[in-house]
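A.B. asks: Take this sequence and fold it.
(2 chains)
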Amino acid sequence: MEFVLQFIWFFLWGLLWALFFMTDGYDFGVGALLPFLGKDDTDKRLMINSIGPLWDGNEVWLITAGGVTFAAFPQVYAVMFSSFYTPLLLILFALIIRGVSFEFRGKIESPGWKKLWDTCIFIGSVVPAILFGVAFANIFQGLPLDQNGYHGNLIYLLNPYGILGGVLFLLWFLEHGSLWLSIKTPGQLHDRSVVAANKIWSGLLGVSVLFLIATYFYTPLYVNYLAHPILFIVPLITVLSLLGVKFFLLKEAYFKAWFASALTIVSATFFCIIGLYPNMFPSNIDPIYSLTAHNASGSQLTLTIMLVVVLIFIPIVIGYQSWAFYMFKDKLSVDDLANEEAY
Amino acid sequence: MDVVFLSRLQFAAATMFHFLFVPLTLGLSVLIAVMETKYVRTGDETYLSMTKFWGKLFLINFAVGVVTGITLEFQFGTNWSRYSTYVGDVFGSLLAIEATAAFFLESTLIGVWVFGWQKLSKKAHAIVMWLIAFAGTLSSIWILMANGWMQHPVGYVIRNGRAELDSFMAVITNKFGILEFFHMISSAYVLGAFFVMGISAYHLLKKQHIEFFTRSFKIALVLGLASSLFVAISGDSHGVHVAEVQPAKFAAMESHWETTTRAPIHLITIPDEKNEKNLIEIGSIPGLLSFLSHHDFNAEVTGLKDIPKDERPPVLITFLSFRIMVGLGTLFILLTIYGCLKRNRLLESTNYLKIMLLSIPLPYIAIEVGWVLAEVGRQPWIVYGLMKTSDAASPVAGSQVLFSLIAFILLYSFLGAIGFYLIVINAKKGPALE
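C.D. replies: Predicted structure coming up:
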């Protein structure tokens, strides 16, 4: 029973990260594209307002992923977050400046003021996008972890495979964000977003292929797949949905392209999570030091109670977030920026 | 550098800064929900512009509050990993439930409220603000149940070398957390009410937007009076409970050294921690401390000398925070009662309005020292009686924590200064003319 609970929780943990990447991912993409696609203040405001009503709710997936790591796998929470002390705090600081920028930017009419917050939005989007990729790629690869704890630092994480992970995540989110802008923005900004989505797609395809190959050489992620070949259906979904993005882009069906991109992100996350199982924070010194779903979990009672909580509330959350998403799905117009509440 | 000390400083800086914004979010959301409901009921446009004006200040405050909350959840992992490993099975679930069941709702709906004016009916839009207020309150319940567990751990067993959950019911019905919640939420309403009354007083003193700010003042006054009375009542019950389960904190609150019956409170006390006595005790009220601790003038109150030295909290800080908190709490009751007497002659009561304007910072001070009392008074324990703070920090390098502490201070000072500036200029500007 305990084993089953830990198994379920491992994949719920993966699901929460996947949903975080899927939802806040387009916010990161939009923020990272701000200096490139926003030619003037109107463009920039359109871009910011395209994610304005939704980014805050999206970010809570991160808080929830962190919270359930704490509840369901307290030891993983403790070791992972203290080991990744500097990168994690960099991510959090970046998220802080991104969050306040949306609110502060429009409060004073001055080009210097706006430029300051535009820079913060850019940094606050790019840094988490890359560092999440770097951190997860290093987890897939294994970390210098022994009985005395973790023996790495930020520089250690910036190894070739880690950097490749960072680039991959950034491109995911850039693609996701440019598709979102293709849906939500009008006129020339829309046209530029579509061009960007097409260009980024080619880069994303290339880096994805490279990542899949590098994963074979740098990580043990394929072991689970070779043991259970049926699982290859998951990366197959990733590949098909990534091709789907291009297909719908060419048909100018941007909503469908965005959903295909969302599916790409979720299935790619699951591809990695399935390969990682049962490890959560593996040691590359000796597997006996690895933290796994089965040696680092909470008690059976906590796992059971949290499962009930999550099974009740996560569907409710998805329900009202979908309602909010639907409410704000329409294309923005320049007139919308005249509303006093617009950022 | 000492990692435990630096980590404590960092956590204190991060939580105290975060808590400059949280109570206003809690208090103002209720007041704005009332204003918007009045608008929906009466159709009176003044209530709509009240909703929008106070809403604008609310959102600036909310932005800083919400982003500084993110780091807190992760700091238990980054800086207190031994704590997280040891008690995470009990403590972690409370934070996880807070995010899943409450914070999600608040964060999703805030976007709906801000951008939903044209998308929702008036009624639905007002309901969204009520839900935001509800979700914020719900969040605070979970957070305070988590803190309550650190203050008075219940419902756990020591198994597999750590504290494991034994009774979830016991954890979520922990009396300590429930009393903390009532005390904190009513303090947050006091703070929100004084914020609105203070800014309204500013404009009333300038004789501008009179109708608008008189109404705002009166709505806040009702909440302010009711909640400042409730702060005192809940604080009293909380004190009795503290005396029962945390005798060391209670003794330090009044710098009470000898165990005595009919224990007094001195109007003026100067603690001398080193020599385990008070340098000065003036104006003794016999039996009052006994009454506060047990609601009985003759009850015995444990003195600090009967608590091992290494289990006593820092007396001076605990003592001063308690005094300041109680003094300010009393002042809030007097100011709001006086306001009720003057409620129909506000414009002429310039002295009262000036006092209310200058009083804006006072609830902030009261609520911060209240937390200092709760947290410093719990020392040397991180979980009272179960785990010491000195055993709880992460095995990270002191230099790492020093750098992050400096980064926290720089970033938060920057954000705090800007947030403060934006709130001030928007508050002074007053409502948009319809």
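A.B. asks: Flag the shaky bits of the stretch 201-343 of chain A, pLDDT-wise.
C.D. replies: Nowhere does the stretch 201-343 of chain A drop to pLDDT under 70.
A.B. asks: Residues of it that sit close to chain B?
C.D. replies: Contact residues, the stretch 201-343 of chain A versus chain B (Cβ under 8 Å from any Cβ of the partner chain): A:298-299, A:301-302, A:305-306, A:309-310, A:313-314, A:317, A:320-321, A:324, A:327-328, A:339-342. To be clear about C-beta, it is placed using only N, CA and C from the backbone, and glycine gets the same treatment.
A.B. asks: Inside helices: which ones of those residues?
C.D. replies: Among those, DSSP state H puts A:301-302, A:305-306, A:309-310, A:313-314, A:317, A:320-321, A:324, A:327 in helices.
A.B. asks: what sits against residue 88?
C.D. replies: Picking chain A for this. Taking Cβ atoms under 8 Å, 6 or more residues apart in numbering or on different chains, we find A:Leu88 in contact with A:Phe81, A:Ala135, B:Phe74, B:Gly77, B:Thr78.
A.B. asks: right idea, wrong chain: chain B
C.D. replies: Residues near B:Gly88 by Cβ under 8 Å, 6+ apart: A:Phe70, A:Ala71, A:Pro74, A:Gln75, A:Tyr77, A:Ala78, A:Gly298, B:Phe76, B:Arg162.
A.B. asks: now, which of these sits nearest B:Gly419?
C.D. replies: The nearest member of these to B:Gly419, counting by Cβ to Cβ, is B:Phe76 at 25.0 Å.
A.B. asks: how close does that closest one sit to A:Phe81?
C.D. replies: 8 Å (Cβ to Cβ, to the nearest Å).
A.B. asks: hmm, back to that, which among the residues of the stretch 201-343 of chain A next to chain B end up buried?
C.D. replies: Those of those that meet the buried threshold are A:298-299, A:301-302, A:305-306, A:309-310, A:313-314, A:317, A:320-321, A:324, A:327-328, A:341-342, by 16 or more other Cβ atoms under 10 Å in any protein chain shown.
A.B. asks: What parts of the stretch 151-300 of chain B come near chain A?
C.D. replies: Contact residues, the stretch 151-300 of chain B versus chain A (Cβ under 8 Å from any Cβ): B:Arg159, B:Asn160, B:Arg162, B:Glu164, B:Leu165, B:Asp166, B:Phe168.
A.B. asks: in what helix or strand does B:Ile270 lie?
C.D. replies: Using DSSP states H and E, B:Ile270 maps to strand B:265-272.
A.B. asks: and the gap between B:Ile423 and chain A?
C.D. replies: From B:Ile423 across to chain A, the span is 10 Å (Cβ to the nearest Cβ, to the nearest Å).
A.B. asks: Which secondary structure element is home to that residue?
C.D. replies: With DSSP H and E as criterion, B:Ile423 is part of helix B:398-429.
A.B. asks: With A:Val134 instead?
C.D. replies: Counting by DSSP H and E, A:Val134 is found in helix A:111-141.
A.B. asks: strands paired with the helix or strand just after that helix, and their directions?
C.D. replies: On the C-terminal side of helix A:111-141, the closest following helix or strand by DSSP H and E is strand A:145-146. With DSSP bridges as the test, strand A:145-146 is paired with strand A:149-150 (antiparallel).
A.B. asks: is any part of the following helix or strand past the partner strand close to chain B?
C.D. replies: The helix or strand immediately downstream of strand A:149-150 is helix A:154-157, counting by DSSP H and E. No. Between helix A:154-157 and chain B, judged by Cβ under 8 Å from any Cβ, nothing touches; the nearest distance is 10.0 Å.
A.B. asks: so where do the strands sit in the chain?
C.D. replies: In the absence of a named chain, this looks at chain A. In chain A, the segments counted as strands under DSSP state E are A:145-146, A:149-150, A:279-281, A:291-292.
A.B. asks: Please refer instead to chain B.
C.D. replies: Listed in chain order, the strands of chain B (DSSP E) span B:156-159, B:162-165, B:260-261, B:265-272, B:277-285, B:300-301, B:381-383, B:387-388.
A.B. asks: Now do the last one: which elements does it pack against?
C.D. replies: Put plainly, it is strand B:387-388. helix B:81-98, strand B:381-383 (3 or more Cβ pairs under 8 Å, 6 or more residues apart in numbering or on different chains; DSSP states H and E).
A.B. asks: got a list of contacts for that strand?
C.D. replies: Counting by Cβ under 8 Å, 6+ apart, the neighbours of strand B:387-388 from elsewhere in the structure are B:Tyr83, B:Tyr86, B:Val87, B:Pro380, B:Trp381, B:Ile382.
A.B. asks: does the fourth one really touch B:Glu311, like I thought?
C.D. replies: Yes. Contact criterion Cβ atoms under 8 Å: B:Pro380 and B:Glu311 qualify, at 6.5 Å.
A.B. asks: For B:Gly155, which non-adjacent residue is spatially closest?
C.D. replies: Distance criterion Cβ to Cβ, 6 or more residues apart in numbering or on different chains; nearest residue to B:Gly155, sequence neighbours excluded, is B:Ala170 at 3.1 Å.
A.B. asks: Next: B:Val157.
C.D. replies: Leaving aside its sequence neighbours, B:Val157 sits nearest to B:Asp166 (Cβ to Cβ, 6+ apart; 4.5 Å).
A.B. asks: Tell me how many other residues crowd the one you found.
C.D. replies: Using other Cβ atoms under 10 Å in any protein chain shown, the number of residues around B:Asp166 comes to 17.
A.B. asks: try B:Arg159
C.D. replies: B:Arg159: 12 neighbours (other Cβ under 10 Å).
A.B. asks: do A:Leu116 as well
C.D. replies: 17.
A.B. asks: pLDDT wise, what is it at?
C.D. replies: For A:Leu116, the pLDDT comes out at 94.
A.B. asks: If you count contacts, what does the longest helix along chain B end up packed against?
C.D. replies: Across chain B, the longest stretch assigned as helix under DSSP H is helix B:210-245. For helix B:210-245, the packing partners by 3+ Cβ pairs under 8 Å, 6+ apart come out as helix B:22-42, helix B:45-78, helix B:175-205, helix B:247-253, helix B:288-294, helix B:315-341.
A.B. asks: what does the average pLDDT come to for the longest one?
C.D. replies: So that's helix B:45-78. The predicted model assigns helix B:45-78 a mean pLDDT of 92.
A.B. asks: can you tell me if that helix touches chain A.
C.D. replies: Yes. Applying Cβ under 8 Å from any Cβ, one finds that helix B:45-78 is in contact with chain A at B:52, B:59-60, B:62-64, B:66-68, B:70-71, B:73-74, B:76-78.
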